[in-house]
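J.: need a structure here:
(2 chains)
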Amino acid sequence: MGFIKGLQDSFRIAWKDLLEFGRNRIGLIFLVLMPFFMLIMTGFIFPTSNTYTNVPVALVDLDHSQMSHQLVDSIKEMNKKTDMMDLNEVGSLNDAKTLITRGQVYGAIIIPKGFAKNLTAGKQSNVTILSDNSIPQLSMAMNGIGSAVVGAMSSYMGQANVQMLALKANQTVDPKAVIAPLQADVKGTAPGNLNYFDFTAPGLLMMIVMMGAMTGIPRAISHEKEIGTFDGILAAPVSEISIILGKTIAQTVRGFIQGIVVMVIAILFFGVTLQLSSVPLAFGLLFLGIFSFIGLGILLTSLANNEETATILMTVLQFPMMFLTGVFFPIQQMPWFMQDISKIVPLTYAVSAMRKVMILNAGILDVVPEVVILVAFGLVTLMIAIPVFRRSMTR
Amino acid sequence: MTEEYAIEVQNLSKKFGDFLAVDNISFNVKKQEIFGFLGPNGAGKSTTIRMLCTLARPSGGDAKINGYDLLKQPDQVRASIGLVSEKMIMYEQLTAAENLRFFGNLYQMPREKIDRKTDELLALVNMTKWKNAQIKTYSTGMRQRINVIRAMLTEPQIIFMDEPTLGLDPQTTLSIRQLIRDINKNGTTVILTTHAMVEAEALSERVAIIDHGKIVALDTPQNLKKLVKDADLTVISARIPNLTPVMAEHLKALDCVTAFDQQDAYDIKISARGSEGFDRIIDSIRHDGGNITMINTNEPTLEDVFLSVTGKAMRDQSEKPKMSGRRHGPWGAPRARVR
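T.: Okay, the predicted model is just below:
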């Protein structure tokens, strides 16, 4: 009987919370806007593929030979087809440097003096790629473009040379096979063409829902304490467990709604593909993620006696979680100590499992380690949190 | 014995860290009585109420509420009491009906009964047409009325009210007081805290004066006032336009003066003992060259009782926290002299 009353009370508290939440228009708007902004920002900040278009680049010919003119023309010719660069021909090295310093171009492709001489002597000739290496991302982009251009030109010239030699030797050869006998055929294990949104969406989904559970409970309770309504609930014949369960249910429902919003936005606007068959498992993982964070949420509730403290505690925990758990950046990219930290945060496992399921269409067996860790984390934190919470309620 | 009392409190204490907010108090509240807790802010009134409502765990002592043990039967205690707290217990985004339904449900009230009581209570406070309006659209007076009927919804035997008229305009205050009397007439025991003397006097059958966590006096307002008279106390208000600190010091130093309160630059209030007290006070003022433009001896009020039992005016204390810098801490200022 007590158990049933406890459950009923939980549902009543949850319903009341959701009703309040539903009446809060600004809250509802942000429920949709927040994931939208998150997806836009994280999705567009990082290059979604390796193709560049209209990158401003300076082109300098210091050799002024027939061959260098020919090279400049071929580069322009190639660029006309690909639109990779926005070429700026300048007369001297200093002019190119000035443009780079002023930020008007990403970098410069420089044909140095002696270019033609080396080539005619049958030697390799250099083409310099100059970039502003104080901005690593720009520098990397410029190096990529420069190498692509030089590679293309080099292979084009090489093929011409091979063809000439073949003609002389009266042999038929495939010039491409001579220049580059090996070619990389790049494929992924996930079907279709993936972009950065595909990488972020599962993590973002998981993060929003789990953080909702972790931060929502303390915020909801400390808010009620602040405005005084919590006394009304505590002075009623309701058990502490019902209160915490009720708050958790409300936050879970809220997190789920937000999760679905994220998924729909990702699919409709950002071209993320979701395998229909993996939807049930994805939802299961969302639940598990919430479960694993409830203990932490309750613990924080016990520690935070007012709304301000609660918010500060949340921020301190949320920030590293966003960046350390592989939601936006792959963990493999981080230095070892950060990788170690990320290993103790449950969100990491939830995100990795979710990514496997949503993108790679993994089955339950593929995510067993993650599931075990999440369940264990949830149980341990709950066992610590509930006694602490009961004590903190009647201080 | 138990039958007679709604609340029996024994040696109840509450410590916050080193600070003793409630210091070993014992008292009984009779059934169907309006019992007032009078004291300055921070005296321990609210803490006592919070403990009796199971919202704060006592550091020591015990209490019986409606015959239930406060510590061992908290759920029975909760089911039999109602709380009107200083902050409103109502969700702003919900309507009055939704709020009342939510709380009624937590008390396991049947649905029809909740609906019936809701209509009844809203009619009682003339707010029937606001039934389905969100609380955030209410005026302060309406909020307090709905806050009071929330506690009445579950038909508790005892209703605790923490400063029920704090910050309300005179009209609303009167209507809330009338409501409290009505609640009481229906057989409900009412415990209320207040720092307003008038309120305690107007409502309570018995008043406990609490100061620094201790009950310093407990009786009916009439008897409390008699206490002042019986002690042969004279309460004198005087206006001295050229009042100086030296003059005040001399007055305080008189051995017939039991309490001294300077209300502003030239108004003072003095309690004096003995038949010649009045003369000696006037002599002292004249001796220091003071001009008395007005002097009264008053019928004692609860304020005088407070002054006489604690040796200081209540108003004094509520202004001191700023100086001591502790919200619940003991006041930093030295107590007025009591001889």
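
J.: so which strand or helix has whichever residue of the stretch 1-150 of chain B sits closest to chain A?
T.: Going by CB to the nearest CB, chain A is nearest to B:Lys87 of the stretch 1-150 of chain B, at 2.7 Å. Placement of C-beta: from N, CA and C, glycine included. Per DSSP states H and E, B:Lys87 falls between elements, in no helix or strand.

J.: OK, contacts around it?
T.: Contacts were defined as CB atoms under 8 Å, 6 or more residues apart in numbering or on different chains; by that measure B:Lys87 touches A:227-228, A:231.

J.: make it 10 Å
T.: A:225-232, B:147, B:162-163 (CB atoms under 10 Å, 6 or more residues apart in numbering or on different chains).

J.: just put these in a markdown table and tack on secondary structure and neighbour count.
T.: Listed next are the contacts of B:Lys87 as a markdown table, based on DSSP: H, G, I helix; E, B strand; the rest coil; neighbours: other CB atoms under 10 Å in any protein chain shown:
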| residue | secondary structure | neighbour count |
| --- | --- | --- |
| A:Lys225 | helix | 20 |
| A:Glu226 | helix | 15 |
| A:Ile227 | helix | 15 |
| A:Gly228 | coil | 15 |
| A:Thr229 | helix | 23 |
| A:Phe230 | helix | 20 |
| A:Asp231 | helix | 20 |
| A:Gly232 | helix | 26 |
| B:Asn147 | helix | 25 |
| B:Asp162 | strand | 22 |
| B:Glu163 | coil | 22 |
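
J.: for the chain, name the helix or strand with the lowest mean pLDDT.
T.: I went with chain A, as the question did not name one. helix A:25-45 (a mean of 78; mean pLDDT, DSSP states H and E).

J.: my question was about chain B, not that one.
T.: Comparing helices and strands within chain B by mean pLDDT, DSSP H and E singles out helix B:321-324 as the least confident, with a mean of 36.

J.: so where do the helices sit in chain B?
T.: Under the criterion DSSP state H, chain B carries helices at the ranges B:45-52, B:74-79, B:96-106, B:111-124, B:140-152, B:170-185, B:197-203, B:221-230, B:245-253, B:277-287, B:302-310, B:314-319, B:321-324.

J.: what's the third one packed up against?
T.: Applying 3 or more CB pairs under 10 Å, 6 or more residues apart in numbering or on different chains; DSSP states H and E, we find helix B:96-106 packed against helix A:2-23, helix A:229-234, helix B:111-124, helix B:140-152.

J.: now with 6 Å, please.
T.: With contacts defined as 3 or more CB pairs under 6 Å, 6 or more residues apart in numbering or on different chains; DSSP states H and E, helix B:96-106 has these neighbours: helix B:111-124.

J.: quick check, the residue in the stretch 201-350 of chain A closest to chain B?
T.: Relative to chain B, the nearest point of the stretch 201-350 of chain A is A:Gly228 (2.7 Å; CB to the nearest CB).

J.: show me the contacts for that residue.
T.: B:85, B:87, B:89 (CB atoms under 6 Å, 6 or more residues apart in numbering or on different chains).

J.: out of those residues, the closest to A:Val149 would be?
T.: When these are compared for distance to A:Val149 (CB to CB), B:Lys87 wins out at 70.3 Å.

J.: now do the phi/psi pair for the closest one.
T.: Recorded main-chain torsions at B:Lys87 are phi -90, psi 150, according to degrees, to the nearest 10.

J.: per-domain residue ranges of the chain.
T.: With no chain named, the answer covers chain A. Domain assignment of chain A by automatic domain parsing yields the ranges A:2-47+A:195-393, A:55-179.

J.: the intended chain is chain B.
T.: Residue ranges of the domains in chain B are recorded as B:2-220, B:224-324, according to automatic domain parsing.

J.: alright, that wraps it up for me.
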